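# predicted model and sequence below, questions to follow.
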Amino acid sequence: MFDNLSDKLQRVFKNLRGEGKLTAENMDAALREIRVALLEADVHFRVVKQFIEGIKEKAQGQEVLQALSPGQQVVKIVRDELVKMLGTHTSKLRFANEPPSVILIVGLQGSGKTTSTAKLARLLVREGHNPQLVSVDIYRPAARKQLTVLGKENRLSVYEGTPEEADKPVELARSARREAMQAGRDVLMVDTAGRLHIDDDLMNELQELKTLLNPVEVLFVADAMTGQDAVKSAEEFHKRLGITGVILTKMDGDARGGAALSIRSVTGQPLKFVGVGEKSDALEPFHPERVASRILGMGDVLSLIEKVEQTIDHKQAEEMQRKLIENEFSLADFRDQMKQLSKMGGIESLLGMMPDMGMGPLKDLKKHKIDEKEISRVVAIIDSMTKAERDNHMIINGARRRRIAKGSGTSVQEVNSLLKQYTEAKKMMKSITGGGFMGKRMGKFKMPFGNFPGFN
């Protein structure tokens with residue numbers, strides 16, 4: 001979502017480096033371009049003003065003006081100010097000394113509260129917690145049923161309540177806490193009702209729940225696609241309720257990024273989690289320094305490695321590297337790698353974490369639009385092959401290609417294209433894992449980045 005902002009900022013830095021010497025005049029010109037880039041990204045105007053003033057104050061010191069690489073010094077200053085804007089550190093959830101720790105999930109209707117509740121619960125389970133979920137949204141049709149369904153899909157405990165409690169949010173919350181204590185649950189997550197707009201009835205109900213439950217966290221769920229409206233809503237909820245953090249959903253969409261960059265400065269509360277997809281595991285802790293690096297084209301290698309660590313079996317990765325080195329990487333292996341990429345959030349998401357450091361083909365891949373549905377087509381084509389064909393693509397002649405195309409519901413041209421992509425990816429992967437840039441700097445990362453299907 002930060003692609004446009006990142007491109008514009010990188011052009012500013014490139015122009016500064018081309019100047020050779022930093023002056024007050026070219027610095028002012030650069031700051032004007034940065035201001036425009038931020039405003040076009042829908043960053044709150046007050047935040048932009050503070051940001052520019054912070055850069056100007058630091059960039060016009062003698063130490064920067066007389067530096068051997070003033071352009072690089074400015075990049076560092078901008079990065080530091082971005083981190084300051086986003087939050088200087090990752091803000092973790094707080095937990096009560098006496099369980100269950102209550103987490104109140106609030107926000108406007110349609111922001112993604114219910115799905116975020118289930119995603120956060122699943123994340124907590126991965127971290128060793130034992131959460132209990134309850135929906136007290138008695139107004140939106142099927143709202144409570146939605147949480148029950150999500151709970152079953154993700155093997156999460158959901159308190160459904162009794163018929164007598166069905167229209168009493170406070171009673172539902174009280175019973176859910178009692179149930180959590182009796183069952184030994186250490187976290188109670190309360191999915192509250194939303195409205196199409198902020199009103200007194202909503203706030204009074206939330207305040208009553210807060211007084212009853214004394215939550216350790218009040219997390220406001222905001223839709224990144226609504227831009228500054230999300231920031232205004234978060235600010236209003238904080239004034240009237242006192243939120244402790246924000247979950248920003250749809251960060252993988254086409255939003256310009258202004259909400260993510262503004263929300264902490266405007267509300268004074270940290271952005272704690274971001275939703276990066278529709279899948280149940282597509283919720284991530286927000287790392288300010290990593291996001292700042294990605295915006296400036298420095299990549300996010302730490303998050304990339306963490307994704308690999310969570311998805312890839314180390315023994316399988318070592319076996320895959322051995323196959324690449326010994327030229328045994330087959331079409332079946334290629335198919336399995338495609339499936340792994342889907343589990344990790346897709347190719348485009350992973351490429352967004354790669355640093356822009358002139359890495360030849362990798363740099364070119366970032367410029368392409370990727371159709372993730374093509375991965376399913378690749379899998380279908382390879383599954384239509386015999387084991388012998390998957391082990392040795394050289395035996396796939398014209399007749400075999402026609403049979404494979406018919407069996408997979410594709411065309412011969414698509415089969416030919418896949419075989420070409422496979423051979424090119426095989427060459428590239430061998431160079432990457434065999435000691436090239438990625439092999440040296442990301443020893444545990446052994447995923448292919450070849451000419452993947454789906455590039456238009």
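Everything's here; your move.
# which SSE is residue 380 in?
Assigned by DSSP states H and E, residue 380 belongs to helix 374-383.
# go on, residue 103?
Here residue 103 is assigned to strand 101-106, by DSSP H and E.
# and the next element down the chain from that strand?
By DSSP H and E, the next helix or strand past strand 101-106 is helix 113-126.
# between the strand holding residue 103 and helix 113-126, how many degrees?
150 degrees (axes from the mean of the first three to the mean of the last three C-alpha atoms, to 10 degrees).
# can I get the helix holding residue 380 in CSV, CA atoms only?
In CSV, the C-alpha atoms belonging to helix 374-383 read as follows (Å, rounded to 0.1, in the frame of the first residue of the first chain):
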residue,chain,number,x,y,z
GLU,A,374,-2.1,-18.1,-11.7
ILE,A,375,-0.5,-20.2,-9.0
SER,A,376,-3.6,-22.4,-9.0
ARG,A,377,-3.3,-22.9,-12.7
VAL,A,378,0.4,-23.9,-12.3
VAL,A,379,-0.6,-26.5,-9.7
ALA,A,380,-3.3,-27.8,-12.0
ILE,A,381,-0.9,-28.2,-15.0
ILE,A,382,1.8,-29.9,-12.9
ASP,A,383,-0.8,-32.2,-11.3
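# I'd like the next helix or strand past it.
Using DSSP H and E, the next helix or strand after helix 374-383 towards the C-terminus is helix 387-391.
# which residues does that following helix contact?
Contact with helix 387-391 is made by 330-332, 335, 382, 395-396, 400, 404, as judged by C-beta atoms under 8 Å, 6 or more residues apart in numbering. (C-beta placed from N, C-alpha, C; glycine too.)
# report the lowest-confidence entry in the residues you listed.
Among those, residue 335 carries the weakest pLDDT, at 86.
# now the helix or strand containing it against helix 374-383, angle please.
Using DSSP H and E, the element containing residue 335 is helix 331-343. Using the same axes, to 10 degrees, the direction of helix 331-343 lies 160 degrees away from that of helix 374-383.
# so which elements touch helix 331-343?
Secondary-structure packing of helix 331-343 (3 or more C-beta pairs under 8 Å, 6 or more residues apart in numbering; DSSP states H and E): helix 314-325, helix 374-383, helix 387-391, helix 412-433.
# please state the offset of the longest one from the chain centre?
In this case it means helix 412-433. 28 Å (C-alpha atoms, centre = their mean, to the nearest Å).
# so it versus helix 331-343, what angle?
Computed by the same axes, to 10 degrees, the angle separating helix 412-433 from helix 331-343 equals 80 degrees.
# mind saving the C-alpha coords of helix 412-433 as CSV?
C-alpha atoms of helix 412-433 as CSV (Å, rounded to 0.1, in the frame of the first residue of the first chain):
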residue,chain,number,x,y,z
VAL,A,412,-0.7,-26.0,-24.9
GLN,A,413,0.6,-22.4,-25.0
GLU,A,414,0.1,-22.2,-21.2
VAL,A,415,1.9,-25.5,-20.7
ASN,A,416,4.8,-24.3,-22.8
SER,A,417,4.9,-21.0,-20.8
LEU,A,418,5.0,-22.9,-17.5
LEU,A,419,7.9,-25.1,-18.7
LYS,A,420,9.8,-22.0,-19.8
GLN,A,421,9.1,-20.3,-16.4
TYR,A,422,10.3,-23.5,-14.6
THR,A,423,13.6,-23.7,-16.4
GLU,A,424,14.3,-20.0,-15.9
ALA,A,425,13.3,-20.1,-12.2
LYS,A,426,15.5,-23.2,-11.8
LYS,A,427,18.6,-21.3,-13.0
MET,A,428,17.8,-18.2,-10.9
MET,A,429,17.2,-20.2,-7.7
LYS,A,430,20.4,-22.0,-8.1
SER,A,431,22.3,-18.7,-8.3
ILE,A,432,20.4,-17.3,-5.3
THR,A,433,20.9,-20.3,-3.0
